[in-house]
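Q: Predicted structure and sequence below. I'll ask about it afterward.
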There are 2 protein chains.
Amino acid sequence: MTVVISDRQLEIIEAAGKILTASGISGLTIKNLAKEMKFSESAIYRHFTSKEEIIIALLEYLAQSMDERYTNAIKSEQSPEEKFTTLFQNQFSFFKKHPHFVVAVFSDGLMEESQRINETILKIMGVKMKHLMPIILEGQQKKVFTNSITSDELMHIVMGTFRLQMFKWRVANFQFDISRNGDNMILALLTLLKSK
Amino acid sequence: MTVVISDRQLEIIEAAGKILTASGISGLTIKNLAKEMKFSESAIYRHFTSKEEIIIALLEYLAQSMDERYTNAIKSEQSPEEKFTTLFQNQFSFFKKHPHFVVAVFSDGLMEESQRINETILKIMGVKMKHLMPIILEGQQKKVFTNSITSDELMHIVMGTFRLQMFKWRVANFQFDISRNGDNMILALLTLLKSK
DNA sequence: TCTTTGTGTGTGAATATTCACTTACTTAAA
DNA sequence: TTTAAGTAAGTGAATATTCACACACAAAGA
């Protein structure tokens, strides 16, 4: 599963991320990428065959590192509430460090460009859900999360709440502290989810 | 507040919507717009000074008609739960009839293009919240909605859940019945919001 | 009742700019 | 001497916008 990537390719991916943060999808051109890398446009094509490949590499890289982070963050001895909190805090602190990925993942401008990009973005959502679902199920089983609605519905509500938080952060140009706001969101969600 | 719009301008706005549905933001070019209108590209500029103005007119038109719809739909004798349900069913059936507006409102590709477009999209979100907030407050006051979290937090969760629903619908290319899925979502949300 | 003048709405061609990508070349290290 | 990694200078296609011009129609003056 793990895709091998050269050092140079990683540099380009990071440059792409930097551009995304600064000027969004529309700013992500080969020209800007070359400028950021401090070499010519044609040099980009020594490392990637097309722009689409760059975007996909970026997204794959994100999916992979997210998966690893989640796996390492969550300890099996934790309670469902703790796992839930850990998962989100982990994600908030990750995006705080790499705000450009917010633009990448939550941008539908990107999704239009190609079917493959579309699928890769959905894959990232899938990674998150893959880690979240067992937590919700365990919580419901142990009756610390409500069983009044299905786990899928719970998942939907949680994911939607999270995504909107990211959206607001992005619209606000990353000006507020996402960790702090995120903690509030986690608390509110947990309060609501707690079994009645 | 009401912006006056000519018949021709309205036709163009509708053509723009049609294109959005069929081919998304990237398909919304003056060329395609002219083709859809069955006249030349330059003729477009007889009715709008720029492409930006067309998009803004489209969004303003949407905001306006949404506001009217909400105002008419919600009756003061209804219970908070009924109002809540009415509001969302109203919105789902609207988007079912005009799927292209989903692309317009939930597209950040669009938001990047200009600050004014950005603001107009946020304004649409604001219209929704303007009608939703009193319902939530009333529900909390009457203790049919939970008071364990703040009304702002409730609002956030509800809006996020709704937006994700729209996102999924769009990604699925409007293939499933948004009214039916929406009803489930409303029920799940209401169950969760109900006072403990 | 002609004729002039103005206006709204269309056309086709041309504009400058941007885009992703290509080709032919150089350079330097292995 | 082969090869990886860079560059300069292009390509064609697409973009929004502007230009001079044309046609239909209406009001107003002769």
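A: Received, thanks. Numbering: from 1, shown residues only, chains lettered A, B, ... in the order given.

Q: could I have stretch A:116-126 exported to PDB, CA atoms only?
A: Extracted C-alpha coordinates of stretch A:116-126, given in PDB (Å, rounded to 0.1, in the frame of the first residue of the first chain):
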ATOM      1  CA  ARG A 116      -9.100  10.100  -9.400                       C
ATOM      2  CA  ILE A 117      -8.700  13.100  -7.200                       C
ATOM      3  CA  ASN A 118     -12.300  12.800  -6.200                       C
ATOM      4  CA  GLU A 119     -11.700   9.200  -5.100                       C
ATOM      5  CA  THR A 120      -8.600  10.100  -3.200                       C
ATOM      6  CA  ILE A 121     -10.400  12.700  -1.200                       C
ATOM      7  CA  LEU A 122     -13.100  10.300  -0.300                       C
ATOM      8  CA  LYS A 123     -10.400   7.900   0.700                       C
ATOM      9  CA  ILE A 124      -9.100  10.400   3.200                       C
ATOM     10  CA  MET A 125     -12.600  10.700   4.700                       C
ATOM     11  CA  GLY A 126     -12.700   6.900   4.800                       C
END
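
Q: and that stretch, anywhere near DNA strand C?
A: No. Stretch A:116-126 does not reach DNA strand C (C-beta under 7 Å from any atom of the strand); its nearest approach is 12.3 Å. All C-beta atoms are positioned from the backbone trio N, CA, C, and that covers glycine.

Q: And stretch A:42-62, by the same measure?
A: Yes. For stretch A:42-62 and DNA strand C, the contact criterion (C-beta under 7 Å from any atom of the strand) is met by A:42, A:45, A:49-52.

Q: most neighbours, which of those residues?
A: Top of those by neighbour number is A:Lys51, holding 17 neighbours under the definition other C-beta atoms under 10 Å in any protein chain shown.

Q: Now do the contacts for the nearest residue to that residue once chain neighbours are set aside.
A: Among residues not flanking A:Lys51 along the chain, A:Ile30 sits closest, at 6.2 Å (C-beta to C-beta, 6 or more residues apart in numbering or on different chains). Applying C-beta atoms under 8 Å, 6 or more residues apart in numbering or on different chains to A:Ile30 gives the contacts A:41, A:44, A:51.

Q: Select from the residues of stretch A:42-62 next to DNA strand C every entry located in helices.
A: A:42, A:51-52 (DSSP state H).

Q: Would you convert the residues of stretch A:42-62 next to DNA strand C into JSON lines that also reports pLDDT and distance to B:Met185?
A: Putting the residues of stretch A:42-62 next to DNA strand C into JSON lines (pLDDT from 0 to 100; distance: C-beta to C-beta, whole Å) gives the following:
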{"residue": "A:Ser42", "pLDDT": "92", "distance to B:Met185": "50"}
{"residue": "A:Tyr45", "pLDDT": "95", "distance to B:Met185": "46"}
{"residue": "A:Thr49", "pLDDT": "93", "distance to B:Met185": "42"}
{"residue": "A:Ser50", "pLDDT": "94", "distance to B:Met185": "39"}
{"residue": "A:Lys51", "pLDDT": "95", "distance to B:Met185": "37"}
{"residue": "A:Glu52", "pLDDT": "94", "distance to B:Met185": "34"}
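
Q: wait, which of those is closest to DNA strand D?
A: Of all the residues of stretch A:42-62 next to DNA strand C, DNA strand D sits closest to A:Ser42, with 3.2 Å by C-beta to the nearest atom of the strand.

Q: now that closest one: how far from A:Lys31?
A: 11 Å (C-beta to C-beta, to the nearest Å).

Q: what's stretch A:42-55 in contact with?
A: Under C-beta under 8 Å, 6+ apart, the answer for stretch A:42-55 is A:6, A:8-9, A:12-13, A:16, A:28, A:30, A:33-34, A:37, A:57, A:104, A:110, A:113-114, A:116-117.

Q: Let me see the mean pLDDT of the longest helix seen in chain A.
A: Looking across chain A with DSSP H, the single longest helix is helix A:115-141. Mean pLDDT, helix A:115-141: 94.

Q: That helix vs chain B: in contact?
A: Yes. Counting by C-beta under 8 Å from any C-beta of the partner chain, chain B has neighbours in helix A:115-141: A:118, A:122.

Q: Between helix B:115-141 and the next helix or strand after that helix, find me the angle.
A: Using DSSP states H and E, the next helix or strand after helix A:115-141 towards the C-terminus is helix A:151-171. Computed by axes from the mean of the first three to the mean of the last three C-alpha atoms, to 10 degrees, the angle separating helix A:151-171 from helix B:115-141 equals 130 degrees.

Q: same for helix A:151-171, what does it pack against?
A: helix A:80-97, helix A:100-105, helix A:115-141, helix A:178-193, helix B:151-171, helix B:178-193 (3 or more C-beta pairs under 8 Å, 6 or more residues apart in numbering or on different chains; DSSP states H and E).
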